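Enquirer: requesting a structural model of the entry that follows:
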Amino acid sequence: MASELNAFIDQCQDAGYDFPQIDPSAVFKSRLKIHYKAFAEINHQCIEFANQSSPLKRWKGLQLMSIDGSTFRVPAFCDVLNFFHPNRNAKGLPSGPPLARSQVLYDPLNQITLRAELGATDRAEINFLPSLSWNWDANQLLLADRHYDAFWLFSWLRKRKTEFCIRMKTSQRNEIIDFINSRQRQSVITLHPGRSARARCRFHQVSDQPQTLRLIRVDLPDGTVEVLVTSLLNCIAFPASDFKELYHQRWSIEEKYKQFKCRLEFENWTGKSVCTIFQDFYAKIFVSNLVTWLSRGAQPIVMKKTEKRSLKYDINWVHAFSTYKRFCIRLFFNTRDLFKNLNHIYYTFASNLSPIRPGRANPRNHKPFKRVFYSAYKSAF
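Expert: A predicted model of the protein is given here:
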């Protein structure tokens, strides 16, 4: 903490601001007075400003949005355990570190985290979605995996006129099993809710009437069959051949979570309280978006630099985050040289590129052990 504080003061002094020596404990006391929602609100306002400043990339006129959840390890201190609860095994005994469950709404085409929420693991991923403070409308298309296969969610999205494309579980509904056995490429069906589905619809105050939906069959190279359900019923405007590539866009949110955990080290919390965990979570969400917005300024330089190359290139995100960390103080405190600093960042981003290799795939390696960050041993760089 002391080294970070000294580096902050040095950079502020270089920018022309005279800062006195500050005790690290005073910083922690002042930090507790900042509500974590301030970081979330800053992010929301920046998203609105960015959308007004430049047009969004869309898929056939629709803004793509991916939704997914994950868990983060949190420190096992009393205050944290009372909020997030410890993990428990089948016998109800504490097992492993406490976990926080997150839910992220992500724009894969524009690489922006639109909304995020953090809570305890006693809530399922799908139950976080209605609480996201997002303006759902008819110009959006939600992509989700089979954890979001729920009749009440289909009805909830249709009530808000939001389109969706969701992977279905292939062994729980007779309609899906019959569709797979028929070997049809696509089919329009009427989906009827069961007793529990009707109860969930009443809980979320949505219609429990049968829904007309469209099923799409996707055959993977390994022989696996995936079934997608969508509210896009127009087979001419949205042919079945487009949906394999469309659903593949959902994978971007998995890469975003990898960025959160490995590049931004979300689990390397800077405090031991619930307040600091929420502050870290939303502050790093904002930093991730801010670096994405800065990367847009570097795109013309990247395109000019790589126009004669056979592959497309993108900035190296590890290098980009490291660059931002070095220049963030100058961006916010040295407004006199703002454009000079921005141009320096753009050219620094463009100096370290990574090739984009289409069709590249590797089997997922589910490691039994995860890396742990100890709160008593902070990063030295």
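Enquirer: list the buried residues for stretch 34-51?
Expert: Neighbour-count burial for stretch 34-51, counted by 16 or more other Cβ atoms under 10 Å, picks out 36, 39-40, 43-44, 47, 50. C-beta coordinates here come from the backbone N, C-alpha and C atoms, glycine included.
Enquirer: any idea how far V225 is from Q184?
Expert: According to Cβ to Cβ, to the nearest Å, Q184 and V225 sit 12 Å apart.
Enquirer: ok, how many other residues are close to V188?
Expert: 10 (other Cβ atoms under 10 Å).
Enquirer: who's it bridged to?
Expert: Counting by DSSP bridges, V188 forms beta bridges with R214.
Enquirer: give the contact list for it.
Expert: Applying Cβ atoms under 8 Å, 6 or more residues apart in numbering, we find V188 in contact with 212-215, 233.
Enquirer: could I get those residues as TSV with neighbour count?
Expert: What follows is these, written out as TSV (neighbours: other Cβ atoms under 10 Å):
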residue	neighbour count
T212	10
L213	22
R214	20
L215	22
L233	12
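Enquirer: turn these into JSON lines, including pLDDT and distance to K312.
Expert: Output for these, formatted as JSON lines (pLDDT from 0 to 100; distance: Cβ to Cβ, whole Å):
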{"residue": "T212", "pLDDT": "95", "distance to K312": "40"}
{"residue": "L213", "pLDDT": "95", "distance to K312": "36"}
{"residue": "R214", "pLDDT": "96", "distance to K312": "32"}
{"residue": "L215", "pLDDT": "95", "distance to K312": "34"}
{"residue": "L233", "pLDDT": "95", "distance to K312": "34"}
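Enquirer: and of the residues you listed, the nearest to F154?
Expert: Nearest to F154 among those is L213, at 6.9 Å by Cβ to Cβ.
Enquirer: ok, the buried residues of stretch 34-51 vs A240, which is closest?
Expert: Using Cβ to Cβ, the buried residues of stretch 34-51 come closest to A240 at I47, 32.7 Å.
Enquirer: which element is that closest one on?
Expert: helix 37-53 (DSSP states H and E).
Enquirer: only alpha carbons, please: show that helix as CSV.
Expert: Output of helix 37-53 as CSV, limited to C-alpha atoms (Å, rounded to 0.1, in the frame of the first residue of the first chain):
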residue,chain,number,x,y,z
LYS,A,37,-22.0,2.3,-6.1
ALA,A,38,-20.1,5.4,-7.0
PHE,A,39,-17.8,3.3,-9.2
ALA,A,40,-20.8,1.5,-10.8
GLU,A,41,-22.5,4.9,-11.5
ILE,A,42,-19.4,6.3,-13.0
ASN,A,43,-19.2,3.3,-15.3
HIS,A,44,-22.9,3.6,-16.3
GLN,A,45,-22.5,7.3,-17.2
CYS,A,46,-19.4,6.6,-19.2
ILE,A,47,-21.2,3.9,-21.1
GLU,A,48,-24.1,6.3,-22.0
PHE,A,49,-21.6,9.0,-23.1
ALA,A,50,-19.6,6.5,-25.2
ASN,A,51,-22.8,5.3,-26.9
GLN,A,52,-23.8,8.8,-27.8
SER,A,53,-20.3,9.7,-29.0
